[in-house]
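>>> When you get a sec, could you give me coordinates for this:
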Amino acid sequence: MCKNLQLIIITCNIPNKNITNLIIKNILNNKLASCINTINNIESYYFWNNKLKKSKEIKIIIKTFLHLEKKIIKIINKLHTYKIPEIITLKLKNINKKYLNWMKKQIKFA
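The predicted structure is shown next:
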């Protein structure tokens with residue numbers, strides 16, 4: 001197991017439940033995250049091709065470790081339907097030690 005573990009959260013907005021489920025299952029089946037939360041009915045406002053757009057999306061919140069970030073981003077980019085998916089990584093501190101220990105048991109470190 002890795003000695004220096006930096007906990008991160010990766011967030012991504014996804015256009016529909018089918019793609020959301022596909023991404024989640026791929027990440028979890030590969031043991032790249034301990035837990036993934038979804039928040040349904042996110043309303044996103046943005047400019048695309050010089051036009052103001054509004055979309056209903058699902059936000060996923062992926063709890064994992066920094067050394068797995070690239071693998072997770074690769075999965076998201078492969079399965080996501082957007083040309084430019086929103087993928088944001090946040091580094092965390094002050095994590096509950098019991099939760100951190102549980103996370104370590106859920107994730108493959110090889």
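>>> And the strands in the chain, which stretches?
All strands of the chain, identified by DSSP state E, fall at 7-14, 35-48, 51-65, 87-91.
>>> So in terms of bridging, what pairs with residue 37?
For residue 37, the beta-bridge partners under DSSP bridges are residue 61.
>>> what about it, distance to residue 20?
Plainly put, residue 37 is 11 Å away from residue 20 if you go by CB to CB, to the nearest Å. The C-beta positions use only the backbone N, C-alpha and C, and glycine is treated the same way.
>>> In terms of neighbours, single out the busier of these two.
More crowded of residue 37 and residue 20, by other CB atoms under 10 Å: residue 20, with 22 against 12.
>>> The more buried one touches residue 38, doesn't it?
Yes - in this structure, residue 20 is within contact of residue 38 by CB atoms under 8 Å, at 6.3 Å.
>>> Now the common contact residues for the two.
Counting by CB atoms under 8 Å, 6 or more residues apart in numbering, the common neighbours of residue 20 and residue 38 are 58, 60.
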